[in-house]
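J.: missing the sequence, but the structure's below:
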């Protein structure tokens, strides 16, 4: 990890790495390898251990290079996301999940918000946000996905600077949706219907029970579902 704290807390990065499927596969590959050594004779081990060690190392590297939704983007895009997340101290599975959610799984740099807001691209940059990043939504929409990732990184650099650490999937998504939700309780309200410029209308789809209030739990449920989907075969890569 970029900044290890020596702790394993529920919902935090260490726990995520331990109980998400890509890393379980890595652990299982190590267990299987050890079992195969025990089952072999000393002669067989001498002949095959060097080759098996190379295969095991390759498997581990391959598994660690797999990220949520990685099969849905180009190798160049995936490599850049991993590098950005390493720079920021963010789990790449989390950022990929958020971009998949915001772009309806297209990872299109030009996709627009279908509720009519100015949201554009990989993390649905708003006009004011684009201005803060010294660009415009029109320019962002004209970029390639690789080019737009530079602005995703700039955006998150500011968020990490303000909120110090974005350890959970929910906090990474709230850094995009509404930072007021970072670190809040499940029943805390993020958006309320009828509040002028409050953000409820463009995010109405997150209101699961349609009670006019969007809570942390409702948002978390949606993004967590997208996360687990991205770890399934055909999506992880």
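T.: Received the coordinates, thanks. These numbers come from a predicted model, not from an experiment.
J.: Report the mean per-residue pLDDT for stretch 144-164.
T.: For stretch 144-164, mean pLDDT rounds to 95.
J.: Show residues contacting that stretch.
T.: 73-74, 76-77, 80-81, 84, 87-90, 95, 99, 107-109, 121-123, 125, 129-130, 132-133, 135, 140, 143, 166, 171, 175, 179, 182 (CB atoms under 8 Å, 6 or more residues apart in numbering). C-beta coordinates here come from the backbone N, C-alpha and C atoms, glycine included.
J.: From the chain's centroid, how far away is stretch 187-205?
T.: Put simply, stretch 187-205 sits 23 Å off its chain's centre (CA atoms, centre = their mean, to the nearest Å).
J.: same check, this time on stretch 226-237
T.: 11 Å.
J.: quick one, domains of this protein?
T.: The record's domain parsing of the chain by automatic domain parsing lists 13-64, 70-230.
J.: As JSON lines, the ones you listed with mean neighbour count and distance to residue 236 would be great.
T.: What follows is the domains of the chain, written out as JSON lines (neighbours: other CB atoms under 10 Å; distance: least, CB to CB, whole Å):
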{"stretch": "domain 13-64", "mean neighbour count": "13", "distance to residue 236": "6"}
{"stretch": "domain 70-230", "mean neighbour count": "18", "distance to residue 236": "6"}
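J.: returning to what we had before: identify those among the contacts of stretch 144-164 that sit within helices.
T.: Here DSSP state H is the test, and the contacts of stretch 144-164 give 76-77, 80-81, 84, 87-88, 95, 99, 129-130, 132, 140, 171, 175 as lying in helices.
J.: Report the contact partners of the residue nearest the centre of the chain.
T.: Closest residue to the average C-alpha location of the chain: residue 94 at 1.8 Å, with CA atoms, centre = their mean. If a contact means CB under 8 Å, 6+ apart, then residue 94 has 166, 168-169, 172-173, 227 as its contacts.
J.: if we can go back for a sec, comparing the domains of the chain by mean pLDDT, which bottoms out?
T.: domain 13-64 (a mean of 57).
J.: Would you mind pulling the contact partners of the helix or strand residue 228 falls within?
T.: Using DSSP states H and E, residue 228 maps to helix 216-230. With contact meaning CB under 8 Å, 6+ apart, helix 216-230 is reached by 68-69, 93-94, 96-98, 100-101, 169-170, 173-174, 177, 181, 184-188, 190, 206-209, 235-236.
J.: Apply 7 Å and report the result again.
T.: Residues outside helix 216-230 that contact it (CB atoms under 7 Å, 6 or more residues apart in numbering): 68-69, 93, 96-98, 100-101, 169-170, 173, 177, 181, 184-188, 190, 206-208, 235-236.
J.: Over to stretch 113-123?
T.: Outside stretch 113-123, the residues touching it (CB under 7 Å, 6+ apart) are 98-99, 102-103, 107, 109-112, 124-127, 137, 140-141, 145, 148, 152, 155, 176, 201-202.
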